[in-house]
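Asks: Build me a structure from this.
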Amino acid sequence: MVMNGVKRVCIFVDGENLRHNIVDLFPPPVFYQSSYLPKTDWAKFFDWITSEVAGKQAERVRAYWYVVQSIDYAPANLNAVCHDKEILIRLIKKSPDFSEKFNAMVDHAEHETILHEFADFLYENRRSMQGRFDGWTSVQNGIAQNCASVEFRRAGFIRYDLLRRNLGFEKAVDVKLATDLIKLKDIYDVAIIVSGDQDYVPAVDTIKDYGKHVVNVAFLTSENNLLPGGARRLNQATDSSFLISHTDLAVHLGFNV
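Replies: Numbering: from 1, shown residues only. Take a look at the predicted model:
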């Protein structure tokens with residue numbers, strides 16, 4: 001759907017939602033999740049979306065890309081935890097990697113050895129996860145530096161379980177995007193949201209009341225279906241939706257499928 005007249009456009013990207021969509025739509029060997037994001041011209045991609053939605057004359061003011069600001073490690077305050085034997089014992093009994101081995105040992109010296117190994121295990125998991133996070137930040141900074149009018153906005157955190165080595169859900173990133181959607185309303189005529197998160201519906205309703213046109217971007221599978229749970233309610237709340245085919249997305253991300 002192309003609109004009449006020159007329009008100012010802002011794109012609001014739910015970073016983690018976009019990344020998960022790419023992972024789900026292009027499994028290995030096309031794309032490996034460990035790569036974090038494809039190496040592509042993101043400014044060109046966002047400019048294409050802008051022209052498809054709002055016309056060739058539309059001005060993309062900026063693409064705001066929302067990502068987490070920090071990692072919330074569990075357990076927190078690892079230095080204190082690793083110097084408290086009682087806490088370490090409680091934790092080791094919950095650890096899928098160490099609990100069976102610890103419970104099978106009866107010798108005090110063996111217990112002490114396992115506790116030291118467990119503490120090292122927690123430290124190594126934190127170091128490894130922090131390295132991954134720093135790598136994500138480096139990729140983001142590279143995109144922002146090389147792509148015109150693409151800005152990463154960081155907020156909130158994501159939980160990381162040091163015992164089970166898994167990531168939880170983001171917290172507060174969606175709040176930042178929704179807040180900016182309203183706060184920045186005077187710099188755009190058209191808001192394009194790249195997300196499938198229904199939590200943005202109240203913010204969408206608010207900016208529509210200000211006379212703004214809101215479009216949601218959603219991605220289709222190779223069978224031309226939305227991903228499970230993908231964007232349906234948000235699509236209903238926005239003025240329109242722009243569905244990107246699997247083939248078009250592959251081309252813009254530089255994938256050979």
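
Asks: Flag the shaky bits of the stretch 1-150 of the chain, pLDDT-wise.
Replies: 1-5, 106 (pLDDT under 70).

Asks: Mind giving me the packing neighbours of the longest helix anywhere in the chain?
Replies: Longest helix of the chain, by residue count under DSSP state H: helix 108-146. Judged by 3 or more C-beta pairs under 8 Å, 6 or more residues apart in numbering; DSSP states H and E, helix 108-146 is in contact with strand 59-74, helix 78-82, helix 85-92, helix 99-104, strand 150-161. For every residue, glycine as well, the C-beta is placed using N, CA and C.

Asks: Out of those, which gets nearest to E223?
Replies: E223 lies closest to strand 59-74 among the helices and strands packed on helix 108-146, at 28.3 Å (C-beta to C-beta).

Asks: chain center to that closest one: distance?
Replies: 8 Å (C-alpha atoms, centre = their mean, to the nearest Å).

Asks: Run me through the strand neighbours of it, direction for each.
Replies: Strand 59-74 sits in its sheet next to strand 8-14 (parallel), strand 150-161 (parallel), going by DSSP bridges.

Asks: how about the last one: buried residues?
Replies: In this case it means strand 150-161. 150, 152-158, 160 (16 or more other C-beta atoms under 10 Å).

Asks: repeat for the first one
Replies: Neighbour-count burial for strand 8-14, counted by 16+ other C-beta under 10 Å, picks out 9-14.

Asks: So which residues of the stretch 151-257 of the chain form strands?
Replies: Secondary structure of the stretch 151-257 of the chain (DSSP state E, counting those that start in this stretch): strands at 166-171, 190-194, 213-219, 240-244.

Asks: Tabulate those in a markdown table, adding columns for mean pLDDT and mean neighbour count.
Replies: Below are the strands of the stretch 151-257 of the chain laid out as a markdown table (pLDDT from 0 to 100; neighbours: other C-beta atoms under 10 Å):
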| stretch | mean pLDDT | mean neighbour count |
| --- | --- | --- |
| strand 166-171 | 92 | 13 |
| strand 190-194 | 97 | 25 |
| strand 213-219 | 95 | 23 |
| strand 240-244 | 94 | 17 |
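
Asks: Turn those strands into CSV, including distance to L226.
Replies: CSV is the format used below for the strands of the stretch 151-257 of the chain (distance: least, C-beta to C-beta, whole Å):
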stretch, distance to L226
strand 166-171, 21
strand 190-194, 14
strand 213-219, 6
strand 240-244, 8
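
Asks: And stretch 127-146, what's buried?
Replies: 129, 137, 140, 143-144.

Asks: Take those and lay them out in TSV including distance to S195.
Replies: Formatted as TSV, these follow (distance: C-beta to C-beta, whole Å):
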residue	distance to S195
M129	25
T137	21
Q140	17
I143	18
A144	19
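
Asks: that older thread, can you check which of the strands paired with strand 59-74 gets nearest to V173?
Replies: Taking C-beta to C-beta, strand 150-161 is the member of the strands paired with strand 59-74 nearest to V173, at 4.5 Å.

Asks: Quick one: work out the angle between that closest one and strand 166-171.
Replies: 130 degrees (axes from the mean of the first three to the mean of the last three C-alpha atoms, to 10 degrees).

Asks: picking that back up, what is the most widely separated pair among the buried residues of stretch 127-146?
Replies: Top of the distance list for the buried residues of stretch 127-146 (C-beta to C-beta): M129 and A144, 22.7 Å.
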